Each structure stands twice: as structure tokens, then as C-alpha cells.
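[1] Provide a 3D model corresponding to the input given below.
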Amino acid sequence: MDQDANGVVPKLRDVFAGYFRIGAAVNPRTLVSSADLLARHFNCITAENEMKFKRIHPHEETYAFEDADRLAGFAREHGMKMRGHTLVWHNQTPDWLFEKPGGGLADKALLYARLKAHIDTVVGRYKSDVFCWDVVNEAVADEGPELLRESKWLRIAGEEFTAKAFEFAHEADPDALLFYNDYNESHPAKREKIVTLVRSLKARGVPIHGVGLQAHWQLRSPPADDIRAAIERYASLGLKLHITELDVSVFEWDDRRADLKSPTAEMMELQERRYEQIFRIFREYRDVIECVTFWGVADDYTWLDHFPVRGRKNWPFLFDERHQPKPSFWKVVNGAGTQE
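    Numbering: from 1, shown residues only. Here you go, the predicted model:
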């Protein structure tokens with residue numbers, strides 16, 4: 001393993017102790033395969049899929065807590081904070097939630113009753129483990145004039161479903177910090193939609209405490225100026241900011257090649273510079289950014305291995321497939337020691 005001048009690989013959580021928490025999304029597999037990295041470098045975890053509605057509540061009378069409990073236990077054992085992800089999403093949500101007995105769409109009253117029961121149960125169970133929740137995830141429309149994306153949530157309950165979710169979550173755990181979370185959060189048009197939604201929730205007195213910037217970024221996009229502008233716009237709302245799902249794909253979005261067995265030298269150099277740039281921005285805004293979470297731990301496992309090109313390998317993190325620090329790790333670590 002590479003070392004610094006003192007023969008030691010610095011711990012990310014210690015390097016950034018004066019800036020923000022350093023988190024990672026985990027699952028039962030990486031909890032084992034990356035246990036040493038997690039325990040050494042991170043002080044916060046997020047359940048990658050294990051707390052999503054379909055996984056934890058597959059049938060109306062059935063909850064599946066085993067995997068989520070393991071993750072929460074790991075966090076307790078290692079003195080880590082835990083982020084809850086997620087309560088309301090248009091994906092990974094079971095069909096039964098939206099259906100009335102006998103078939104057809106449920107009405108608003110039934111949907112809300114089921115949602116409240118779910119939130120009371122799940123948020124209540126992890127009250128002592130989870131300090132914040134991504135309450136509503138990806139509700140804003142990517143394109144077009146509509147504020148919210150088409151979903152069964154919107155079809156049944158209208159735009160108020162977002163407010164209801166926050167209200168139910170606050171009732172279930174008044175001490176938890178509650179976040180709206182989304183991707184493409186730095187693209188100017190979508191950024192303004194997110195701002196509009198969050199501002200409207202605040203104006204109605206809805207208990208929302210923060211905005212989650214997913215930060216699924218590439219080597220060149222979004223531009224640094226757009227990232228800064230997004231952070232400033234969300235911070236202007238007077239809310240906390242978390243970077244919730246950070247990774248840096250070595251492929252741009254429209255790059256669909258699938259033949260690479262390892263990243264090119266150019267990709268690694270660009271990723272090194274990109275991570276240096278990103279963390280410089282994060283440090284600049286340390287007064288408003290409280291937590292930076294990677295959507296994974298090391299390059300041996302990433303959801304980007306399958307998205308957007310099925311089966312294609314990607315290498316988006318600071319640690320390589322053998323769990324060794326990459327050059328981008330050292331850029332991030334060394335940058336934190338510079339005078340700003």
C-alpha cells in the first residue's frame with residue numbers, strides 16, 4: 001500500500017475531521033469485503049439498497065429488517081453515523097403500496113395511511129442509529145416545464161405527497177435531520193426546479209432540514225462553476241447540505257464503449273485532477289457541507305459497472321480494485337493540508 005512521508009496511509013475521516021464527515025454507501029457484500037477500509041477511513045455509512053421501500057417492506061404485512069439491521073449494527077460497532085436512504089422514491093417501491101384491494105389505484109387516504117405506517121415502523125426502528133433521512137428522493141422532473149416527475153405518488157396524491165412524507169418522518173423521529181435528495185443537482189435547469197420545490201416546502205412550514213446533492217459526476221461534467229453555483233443556491237435556502245452519492249465515472253454520459261478491461265492512463269490522470277478539483281470546492285464550502293458520502297468504497301464494486309452500459313466495468317473511487325489508494329486519493333488527502 002502506498003504511504004505518505006511518514007510511512008502511513010492517512011485516514012480520510014481524520015484528514016477531513018475539521019471539514020465534514022466522510023461516508024460510504026454499503027451493502028451486505030461490501031460490509032464484509034471492504035470492512036477494513038470502512039473501519040479505517042469512514043465515519044458515516046448509508047444503506048445502498050437495504051432501506052429502500054421494496055427491499056425493507058416487500059409486502060404490506062411483511063418487513064425484512066435483517067440486512068438493514070446488519071448495517072446499523074456495523075455503524076454502532078465502529079462508532080459511525082448512519083444516513084437513512086430512502087423513504088419515498090418512484091423506483092424500488094412495491095406495487096402493493098399503490099393498489100387498492102381488488103385492483104386499481106389506491107386513493108390518497110389509503111396511500112397516506114400505508115406510507116405513515118411504513119415510516120412509523122422503519123424510522124422508528126432505527127431512531128437510535130440513523131441521524132438523518134433522505135425522505136424524498138428524485139421527485140423533480142429532469143426536463144420539460146413540469147416541476148415533479150410523473151409517478152404513482154404524483155398521480156394519486158398530487159404534489160403534496162412530498163410535504164406529507166416529511167411530516168410523517170418528523171412525527172416518527174423529531175430529532176432526525178430530513179433531506180430532499182436528487183441527481184443532476186448541478187445542472188442549472190434542474191437545480192432551479194429543486195430550489196423551487198424546497199423553497200415551497202419551507203414556505204409551508206414543512207420540516208425539511210437539508211438538500212442532498214447526489215454528485216454522480218464524470219471526468220469533465222458538470223463544470224466546476226455549475227457545482228459551485230448549485231452549492232451556493234442550495235445554501236441560500238438556509239438548509240444543511242450533504243454530498244450523498246459521490247462517484248466520478250471514467251466515462252462521460254454519452255460514452256457507450258464497453259471494451260476496456262482497465263482504465264487508461266489518461267482516465268486516471270483526469271480522475272486525479274477531477275477529485276482534486278471537487279474536494280477543493282467542498283473545502284471552500286465546508287461551512288455549509290456537513291457530510292461527503294461516496295456511493296461505494298472501492299473500485300471492485302460499483303453500481304456503475306452496470307449503468308448506463310450493462311456489464312461494463314467502471315473505476316470511480318479513491319481506492320482501486322485491490323483496495324489500494326489511487327493517485328486521486330493522495331490528491332484529495334494532500335489538498336486538505338493546504339492553507340486556504
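
[2] rest of the way, CA atoms for contacts and neighbours
    Fine.

[3] Enumerate every residue touching residue 82.
    Residues in contact with residue 82 (CA atoms under 8 Å, 6 or more residues apart in numbering) are 44-46, 72, 75, 129-132.

[4] how does it look with 10 Å?
    23-25, 43-47, 71-72, 74-76, 126, 128-133 (CA atoms under 10 Å, 6 or more residues apart in numbering).

[5] Secondary structure of residue 335: a helix, I assume?
    Yes: counting by DSSP: H, G, I helix; E, B strand; the rest coil, residue 335 is part of a helix.

[6] Thought residue 277 was touching it, still the case?
    Yes: proximity of residue 335 to residue 277 meets the contact threshold set by CA atoms under 10 Å, at 9.4 Å.

[7] per-residue confidence averaged over the host helix or strand of residue 45?
    Residue 45 is part of strand 44-47, with elements assigned from DSSP states H and E. Here strand 44-47 scores 98 as its mean pLDDT.

[8] Could you identify the buried members of the contacts of residue 82?
    Neighbour counting over the contacts of residue 82 (16 or more other CA atoms under 10 Å) leaves 23-25, 43-47, 71-72, 74-75, 126, 129-133 as the buried ones.

[9] What's the local residue count around residue 337?
    Neighbours of residue 337 under the rule other CA atoms under 10 Å: 10.

[10] what do you get for residue 77?
    A count of neighbours around residue 77, defined by other CA under 10 Å, yields 10.

[11] Give me the residue ranges of the stretch 151-300 of the chain where confidence is low.
    Scanning the stretch 151-300 of the chain for pLDDT under 70 picks out no residues.

[12] any chance you could map the helices in it?
    Counting by DSSP state H, counting those that start in this stretch, the stretch 151-300 of the chain has helices at residues 152-157, 161-172, 188-203, 224-235, 265-284.

[13] Which among these is found nearest to residue 118?
    Across these, residue 118 has its closest neighbour in helix 161-172 (9.6 Å, CA to CA).

[14] and the angle from the closest one to helix 188-203?
    If you take axes from the mean of the first three to the mean of the last three CA atoms, to 10 degrees, helix 161-172 sits at 50 degrees to helix 188-203.

[15] Helix 161-172 packs against which elements?
    If you count contacts as 3 or more CA pairs under 10 Å, 6 or more residues apart in numbering; DSSP states H and E, helix 161-172 packs onto strand 81-89, helix 108-125, strand 130-137, helix 152-157, strand 177-182, helix 188-203.

[16] 7 Å instead?
    The contact analysis (3 or more CA pairs under 7 Å, 6 or more residues apart in numbering; DSSP states H and E) places helix 161-172 against helix 108-125, strand 130-137.

[17] contacting residues around residue 286?
    Contacts for residue 286 (CA atoms under 7 Å, 6 or more residues apart in numbering) come out as 19-20.

[18] Can you classify residue 38 by secondary structure?
    With three-state DSSP as the criterion, residue 38 reads helix.

[19] where does it land on pLDDT?
    98.

[20] Could you give the number of residues near it?
    Neighbour number of residue 38 under other CA under 10 Å is 25.

[21] How about residue 85?
    Count around residue 85 with other CA under 10 Å applied: 26.

[22] Okay, and the beta partners of it?
    In this structure, residue 85 bridges to residue 134 when assessed by DSSP bridges.

[23] shouldn't it be in contact with residue 53?
    No: if you go by CA atoms under 7 Å, residue 85 and residue 53 don't touch, sitting 9.3 Å apart.
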